[in-house]
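In: The amino acid sequence is not available; the structure is as follows:
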DNA sequence: AATGCTATATACTCACCAGTAAAACAACAA
DNA sequence: TTGTTGTTTTACTGGTGAGTATATAGCATT
């Protein structure tokens, strides 16, 4: 864990350095994409925010659209992870869905998750779009599966799973547009209350 | 109602012409904003889609951001209209809220409504943003009012009205991102089912 | 030392696009 | 007719930003 005593880094360490730099570039980029929007963000500015120059970004990431698509891939992977984490928990399907929704909402408040929500499909070229849509569909399918399973075990009310999944996802995506992480609210509480609203509806029971 | 027999139009008719042209420009612009995104849309292209040239747009609308803000204002006015339409109907607050939500969702599937949802705040300059945020807040407040009224008359379950309003709005905003009007589905049915999902929740009753 | 590979910078090109200037044109008014 | 006002075009300016050519410095391998 401590720094290597030798100033000569091994091949492994150099590769780790490279990955760390790439990651730092993606994090700087995603933050700027989220605050200014993809088109309004210049790679010059992203580079400057880390004290390097634009060609460095091209060295690590090829081109602007690829920077974006890497960010989106990270966010979507996190969403899929939230699904499999929830799937592995105990209880009935409604309880597992509940845990997934909370995890889903939290990812959507992180930088990479917000980027997934805020970036419209048209920002991407056809090739990237296709593979990213596949990931998005996988997330949607995961949510549908929780719902269908719950309809089987009776823990979820009968409904059109596809439409319900869009309803739930839409509600939990929206904070990516209005939630201000610096405003002092506890995101955990907010998310939990939203999921509760979705679970029980606005009509009295 | 018929065309005037004289080729000489009155001042009133000329003013109406002017408004019709302005409206046509806004409609062409909003369609392109929705399909390509604001930044990726050039006013040259918008003009060309109507067979005119860019300075014509500047003649009627001043500048690009103003084109956008006029579109947003139209969409937001439609949302406020949906609120006051629903407010004027009979029944308990939950029923009026239900009607508002359906109207709200429908507006969000129209071009101007979609533009409201799809346009992130950062696309606007400070002056425009402020007045548009006021309108957005008014829509949100209207939704909160329905909820509070319903909690008073017992037709809506006790909840944090503010958060519930964001939950409902988020769910009904999202179709502006995924709904394909050309895909043959009946928007009325879709919207109705979504509102039903929100009313009763995903847990069995 | 020589050679090459990785990382980074400077300084450019090129395209696109918001916005404007100036003129042409159209409709009406005197 | 001539002037006036409103509409629209052609042809431009200026800025911005993606992407690249090229140079350089450092480390690595022989």
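Out: Done, it's in. The model shown is predicted, which means the values in this text are computed figures rather than measured ones.

In: Just the helices from chain A, written as ranges.
Out: A:11-36, A:43-49, A:54-61, A:64-87, A:93-107, A:111-118, A:126-153, A:161-173, A:175-178, A:187-200 (DSSP state H).

In: Output those in a markdown table, with mean neighbour count appended to each entry.
Out: (C-beta placed from N, C-alpha, C; glycine too.) Below are these laid out as a markdown table (neighbours: other CB atoms under 10 Å in any protein chain shown):
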| stretch | mean neighbour count |
| --- | --- |
| helix A:11-36 | 16 |
| helix A:43-49 | 16 |
| helix A:54-61 | 16 |
| helix A:64-87 | 19 |
| helix A:93-107 | 22 |
| helix A:111-118 | 23 |
| helix A:126-153 | 16 |
| helix A:161-173 | 24 |
| helix A:175-178 | 18 |
| helix A:187-200 | 18 |
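
In: which one of those helices lies closest to chain B?
Out: For the helices of chain A, the distance to chain B is smallest for helix A:161-173, at 2.7 Å, taking CB to the nearest CB.

In: While we're on residue A:181, how confident is the model there?
Out: With respect to pLDDT, residue A:181 scores 77.

In: so it touches residue A:111, yeah?
Out: No - the pair formed by residue A:181 and residue A:111 falls short of the contact definition of CB atoms under 8 Å, at 9.4 Å.

In: what's near enough to touch the residue nearest the centre of chain A?
Out: Central residue check for chain A by CA atoms, centre = their mean: the C-alpha nearest the mean position is that of residue A:113, 2.4 Å away. Residues counted as contacts of residue A:113 (CB atoms under 8 Å, 6 or more residues apart in numbering or on different chains) are A:75, A:78, A:79, A:106, A:107, A:176.

In: Save those as a markdown table, and put in pLDDT too.
Out: Rendered in a markdown table, the data for the contacts of residue A:113 read as follows (pLDDT from 0 to 100):
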| residue | pLDDT |
| --- | --- |
| A:75 | 98 |
| A:78 | 98 |
| A:79 | 98 |
| A:106 | 97 |
| A:107 | 97 |
| A:176 | 96 |
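
In: Among those, pick out the one closest to DNA strand C, please.
Out: For DNA strand C, the closest of the contacts of residue A:113 turns out to be residue A:75, at 24.2 Å, with distances computed as CB to the nearest atom of the strand.

In: quick one: that closest one and residue A:139, what's the gap?
Out: Computed with CB to CB, to the nearest Å, the distance linking residue A:75 and residue A:139 is 10 Å.

In: Also residue A:96?
Out: For residue A:96, the distance to residue A:139 under the criterion CB to CB works out to 15 Å.

In: Can you tell me how far residue A:154 is from residue A:195?
Out: Counting by CB to CB, the gap from residue A:154 to residue A:195 is 20 Å.

In: Check residue A:14 and give its pLDDT.
Out: According to the model, residue A:14 carries a pLDDT of 75.

In: tell me, how many neighbours does residue A:53 end up with?
Out: Residue crowding around residue A:53 was assessed by other CB atoms under 10 Å in any protein chain shown; the count is 12.

In: In contact with the nearest residue in space to it that is not next to it in sequence, which residues?
Out: Among residues not flanking residue A:53 along the chain, residue A:47 sits closest, at 5.4 Å (CB to CB, 6 or more residues apart in numbering or on different chains). For residue A:47, the contacting residues are A:53, A:54, A:56, A:57, by CB under 8 Å, 6+ apart.

In: ok, so of these, who is nearest residue B:63?
Out: Within these, distances to residue B:63 taken as CB to CB reach their minimum at residue A:54, with 29.4 Å.

In: ok, so what distance separates the closest one from DNA strand D?
Out: 5 Å (CB to the nearest atom of the strand, to the nearest Å).

In: looking at it, that residue is touching residue A:60, isn't it?
Out: No - counting by CB under 8 Å, residue A:54 does not reach residue A:60; the two are 11.3 Å apart.

In: Output the contacting helices and strands for the helix or strand bottoming out on mean pLDDT in chain A.
Out: Of all regular secondary-structure elements in chain A, judged by mean pLDDT, DSSP states H and E, the least confident is helix A:11-36 with a mean of 91. With contacts defined as 3 or more CB pairs under 8 Å, 6 or more residues apart in numbering or on different chains; DSSP states H and E, the packing partners of helix A:11-36 are helix A:43-49, helix A:54-61, helix A:64-87, helix A:111-118.

In: got the angle for the second one vs helix A:64-87?
Out: Translated: helix A:54-61. Angle, helix A:54-61 to helix A:64-87, by axes from the mean of the first three to the mean of the last three CA atoms, to 10 degrees: 50 degrees.

In: Which neighbouring elements make contact with helix A:54-61?
Out: The criterion is 3+ CB pairs under 8 Å, 6+ apart, and the helices and strands that helix A:54-61 contacts are helix A:11-36, helix A:43-49, helix A:64-87.

In: Show me the one of those helices that comes nearest residue B:135.
Out: When the helices and strands packed on helix A:54-61 are compared by CB to CB, helix A:11-36 sits nearest residue B:135, at 22.7 Å.

In: tell me how far the closest one is from the chain's mean position?
Out: In terms of CA atoms, centre = their mean, to the nearest Å, the centre of helix A:11-36 is set 16 Å apart from its chain centre.

In: cool, stretch A:160-169 as well?
Out: In this view, stretch A:160-169 has its centroid 19 Å away from the chain centroid, taken as CA atoms, centre = their mean.

In: for stretch A:167-185, same thing?
Out: 13 Å.

In: contact partners of it?
Out: Contacts to stretch A:167-185, defined as CB under 8 Å, 6+ apart, come from residues A:101, A:104-105, A:108-109, A:113-114, A:117-118, A:140, A:143, A:187, A:190-191, A:194-195, A:197-198, B:120, B:166-175, B:194, B:197-198, B:202.
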